[in-house]
Structures are given as structure tokens and as C-alpha cells.
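*Asks:* sequence first, predicted coordinates after that:
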Amino acid sequence: MNKLNRRQFLRLTTASLAALTLPRTTWSRVLGANDEIRVAVVGFHGQGKTHINSFGKIKGVRIVALCDVDSEVLNAEAEKFKSRNEIVQTFTDVRRLLERKDIDAISIATPNHWHSLMTIWACQAGKDVYVEKPVSHNVWEGRQAVNASRKYNRIVQAGTQARSSSAIREAMDLLHRGEFGKIKLVRGLCYKRRASIGKTTGQQPIPAYIDYDLWTGPAQLMGLMRKNLHYDWHWVWNTGNGDIGNQGIHQMDLARWALNANHIATNVFSLGGRFGYIDDGETPNTQIASYEFPEGRIIFEVRGLPASKDSNTMDKYLGIDIGVVVHCEHGTLAFPSNYSNVLLYDDKNNLVKTFTGGGNHYENFIEAVRSRDRSKQTADILEGHLSSALCHLGNISYRLGTNKSPEEIREILQSDNDAMEACERAYEHLVANEV
């Protein structure tokens, strides 16, 4: 890493976390009603480009800095600003960026393993934070991010944008008021095609324009054993959380919100595997996770294979491949992945009402930053932490498990109708893929 060797970096990282319990003076600017909010975007090989575009459209907000460990990506994005005669600072090391006093907030769209530490550092530096989902790479560090937000009185928004949808908020309000009766089961669905990432025969070279030590950051430094550094980090435990913590975190957050459960589950179990191909990925592409709360139950399903071998379509449940289905005493609510409508079905699965309306999650964050009122946030860091923790707990259960045959699983789940039903459908799905 630049100027610091890795041992020094890890020592400083530990000190940063320990400092949450010690008095510390941070610098932050008091914003006037008409003051410009100066935002820095960190990481934009993927979702970060959406951050740049979204914050760039908000009145009273100016992007003043960009940070990425990939100099090609960094320079290309900086050139876009230059072509518009906009001045923007560039950094490869986020620590140098956080030293600047002319930055009010940072927007984090790095790989998962950086989310919490970068959030903590930003809070300590007096910056407000918009952080992509999941807000953490493990349960413990997510809680430290919440603690940092509270200790340093910073606005920290989780990037679970469905929370800002007016359609979803209206449906959730009616659900929590008991308009549809008691919740019987909440079903999270992440049926999203994920192809093989390929199988390498040895360590892969890192391009000279990428600072790999900085890219790795708080994760374990190891050689690249997959074809693509970017994005495919999702499928390796050292840096990612599988699809339950990638796409699935959005649906997990909605599922927990539906139950109105402001805590983690009391009982979790998970099963699955990586089926259909042999590649360098480690995380499951087929997974079922069960979460029990005093308020009810979530069964979450991940499927990365198509509806059948050589098919171009995905399985659907009640017409949904990615979303949440809430089974109630008096009907069923379906939340598709577009986050701008919610479907209400009667007991015979006839569509009886559609809730419509979107929202701007980035504007919601800026409103909270300007007002210094955390209650205005639709997705405070605590909400992001609790939902991210559920994804992590599902993965912990999966990784601690042992190999079982379908017959053994049926024996274990014979008295659990909901889990058995989900497993039987998963078996049918795998058979259709000739697994």
C-alpha cells in the first residue's frame, strides 16, 4: 500500500476500530440552508457510476472528489468532469481523501469488504456517508459502523433504495396496521442468472494500473485466483457474500421490514451449494435460508441457474423472479424488484390492487444531511446493518453445515412444511438443470 506496509495498515485499522470507545475530536462543517453539499464518490467501476449521476442531478450538491484504486477508471471518470469544465480532485487512497476539509460527505460503492471500515473512517473524519449494500462484510463490523455513526453524530445512509419507494412505504404501512391480517410467511426471492466465472489454472496477473494492495484493504491479501478481479469478487468469501448479500440484501431488507422486526433472527438455518458448473467461485448459487423471529418467519431462496438447462428464462414465484412475497391471512403482497409498485392479491391469487410510486434515495440522504435530522432518513445505517446481518447469518449457517443427501434433508425437515416446500421446489429446479 502507498507509504504504509500492510502490517502498519492493519495495525491502524485495529486502532481505528478501538478508537470508537475513546474521546475524539472530528471536524465537520455547519451547513446553512443554501450551502452547497460537497460529495466525494469512492469506487465507480460499477454501481459508483450511478452514485455520480444521481448526486450530480441534485440541486445544491456538487461532486468535488473521486477515488478509485483503478487509475484507468479514475482517469476516465475525471475526464468526463474536465470535459464539462468541472473541477474534481482525484485520489487512489481514501485515507488521503478523508483528510480534506472541503468534503462534506462520501458515497461508497467499493467491494463489500471495504464498506464498514470506510464508513467508520469517514465518520471519524466528520463526513456523512452513503454506503452501498450490504453495509458490512460480517456482522461485527456492521455494528461498529452503527456505533461510529452514533458516536460522531453522522448521517449514514444504507444503499437499500427500496426504502424510499412511496409505493412500498404505503403498502408496508397498511401491512403493519393489520389491514391484511396476520403474516403467515415472508418469502424472499433472488432468482437471478449467474454464469460460471471460469476456472483458472493458477494465479492471475494484476494490471499495473490497479493498486491491488489498496483494493484488498482489510481483507486477506492473497493472489488473484479467478479470471476477473472486478465484480466476481462477490463469489469469493474473502471479499464477497454471495448473491444473498449482493442482489439478495435488497429483498432481505424488504422481508425484515415486512415483519417489522427491528432485530436479528432468533434462529437461522441454511442449505445449498454451488451447482451446474465447476469454477473458481466459492459462494452458493443455490441457497435456502430460514429466519425465525417472534414476529414471524422469512424463507429466502437464491437461484443462479436458469429455469432449466439451456433456458434463457428464470423460475418465478407468483410471477416474480426477484422480489418479496408476503403471505397474509387476508391476501398476499408481492414486491417486485422495480421498487415502484406493489401487487395485492386476494386469497385466490386474483390481483385486486396495485400500489404505485417511486422515490429518490439519494435525495433522501441529502435532505437528512442538510437538516441533521436522522429521523428523515428512510434507510439509516442501523436498518442496513440488521438486514446485512441476516445475510451474513445465513451464510454462516451454510458454511458451518455438513454435506447431506436430499433424503437426509427431508428427514430433518419432515415436520417443517414451509422449509420442506421450498426445498422440494429447489430440488425440482436442480433436476431441470440436470444437476
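*Replies:* Great, that's in hand. The structure presented is a predicted model; accordingly, all values stated were derived computationally and were not measured.
*Asks:* ok, which stretches of the stretch 51-200 of the chain are strands?
*Replies:* Taking DSSP state E, counting those that start in this stretch, the strands of the stretch 51-200 of the chain run over residues 61-67, 89-91, 105-108, 128-131, 156-158, 183-191.
*Asks:* quick check: which of those strands is buried the most?
*Replies:* Neighbour counts (mean count of other CB atoms under 10 Å) averaged over each of those peak at strand 156-158, with a mean of 32. Any C-beta I mention is one placed from the backbone N, CA and C, and that applies to glycine too.
*Asks:* show me the chain divided up by domain.
*Replies:* 13-161, 163-357+381-432 (automatic domain parsing).
*Asks:* quick one: which of these is nearest Ala368?
*Replies:* domain 13-161 (4.8 Å; CB to CB).
*Asks:* what is the mean pLDDT for the closest one?
*Replies:* Taken as a whole, domain 13-161 carries a mean pLDDT of 92.
*Asks:* distance between it and the chain's centre?
*Replies:* 16 Å (CA atoms, centre = their mean, to the nearest Å).
*Asks:* please renumber the chain so that the first residue is 10 from this point on.
*Replies:* Yep, numbering from 10; the last one is domain 22-170 now.
*Asks:* which residues does stretch 202-218 contact?
*Replies:* 79-81, 221, 232-238, 241, 244, 252, 285-290, 294, 313-315, 323 (CB atoms under 8 Å, 6 or more residues apart in numbering).
*Asks:* how about it: buried residues?
*Replies:* 203, 205-206 (16 or more other CB atoms under 10 Å).
*Asks:* tally of neighbours for Ser175?
*Replies:* If you count neighbours by other CB atoms under 10 Å, Ser175 ends up with 13.
*Asks:* any idea what the residue nearest to Glu45 when sequence neighbours are not counted is bridged to?
*Replies:* In this structure, Glu45 finds its nearest non-sequential neighbour in Arg71, 5.3 Å apart by CB to CB, 6 or more residues apart in numbering. When bridges are called by DSSP bridges, Arg71 pairs up with Arg47.
*Asks:* any idea how far Arg71 lies from Ile331?
*Replies:* Distance of Arg71 to Ile331, computed by CB to CB, to the nearest Å: 34 Å.
*Asks:* and what of Gly305?
*Replies:* Where Ile331 is concerned, Gly305 sits at a distance of 21 Å (CB to CB).
*Asks:* and the helix or strand where Arg419 lies, average pLDDT?
*Replies:* Assessed by DSSP states H and E, Arg419 sits inside helix 415-421. Mean pLDDT, computed over helix 415-421, is 95.
*Asks:* now for it, which elements pack on it?
*Replies:* In this structure, helix 415-421 packs against helix 426-441, with contacts taken as 3 or more CB pairs under 8 Å, 6 or more residues apart in numbering; DSSP states H and E.
*Asks:* residues in contact with the helix it packs on?
*Replies:* 194, 196, 280-281, 284, 295, 297, 299, 306, 308, 310, 312, 314, 316-318, 324, 415, 418-419, 422-423.
*Asks:* now do it and strand 192-200, the angle between them.
*Replies:* Counting by axes from the mean of the first three to the mean of the last three CA atoms, to 10 degrees, helix 426-441 lies at 20 degrees to strand 192-200.
*Asks:* quick one: distance of helix 426-441 to the chain centre.
*Replies:* How far helix 426-441 lies from its chain's middle: 26 Å, per CA atoms, centre = their mean.
*Asks:* how about stretch 367-383?
*Replies:* With CA atoms, centre = their mean, you get 19 Å for stretch 367-383.
*Asks:* neighbouring contacts of it?
*Replies:* For stretch 367-383, the external contacting residues (CB under 8 Å, 6+ apart) are 40, 42, 46, 60, 63-64, 67, 69-70, 113-114, 137, 139, 164, 166, 168, 170, 172-176, 178, 348-349, 385-389.
*Asks:* can you list the buried residues in it?
*Replies:* Applying 16+ other CB under 10 Å to stretch 367-383 flags 368, 370-379, 383 as buried.
*Asks:* now do stretch 284-292
*Replies:* So for stretch 284-292, counting by 16+ other CB under 10 Å, buried means 284-286, 288-290, 292.
*Asks:* and what of stretch 380-396?
*Replies:* So, applying 16+ other CB under 10 Å, buried residues of stretch 380-396: 383, 386-396.
*Asks:* quick check, nearest of the buried residues of stretch 367-383 to Arg109?
*Replies:* Val378 (16.8 Å).
*Asks:* next SSE downstream of the helix or strand containing the closest one?
*Replies:* Of the helices and strands defined by DSSP H and E, Val378 is found in helix 370-380. Note on helix 370-380: by DSSP H and E, the next helix or strand toward the C-terminus is helix 390-409.
*Asks:* so that following helix versus strand 192-200, what angle?
*Replies:* Using the same axes, to 10 degrees: helix 390-409 against strand 192-200 is 70 degrees.
*Asks:* tabulate the strands of the stretch 60-209 of the chain (JSON lines), appending distance to Gln213.
*Replies:* Putting the strands of the stretch 60-209 of the chain into JSON lines (distance: least, CB to CB, whole Å) gives the following:
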{"stretch": "strand 70-76", "distance to Gln213": "25"}
{"stretch": "strand 98-100", "distance to Gln213": "26"}
{"stretch": "strand 114-117", "distance to Gln213": "26"}
{"stretch": "strand 137-140", "distance to Gln213": "29"}
{"stretch": "strand 165-167", "distance to Gln213": "33"}
{"stretch": "strand 192-200", "distance to Gln213": "28"}
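*Asks:* next one, pLDDT for the nearest residue to Ser63 once chain neighbours are set aside please.
*Replies:* Distance criterion CB to CB, 6+ apart; nearest residue to Ser63, sequence neighbours excluded, is Tyr371 at 4.3 Å. Looking at Tyr371, its pLDDT is 99.
*Asks:* re the thing from before, which of the buried residues of stretch 367-383 sits closest to Ala118?
*Replies:* Of the buried residues of stretch 367-383, the one sitting nearest to Ala118 (CB to CB) turns out to be Tyr371, at 12.0 Å.
*Asks:* the closest one and Gln386: what is the separation?
*Replies:* Counting by CB to CB - Tyr371 and Gln386 are separated by 12 Å.
*Asks:* which residues sit in contact with the residue nearest to Glu45?
*Replies:* 45-48.
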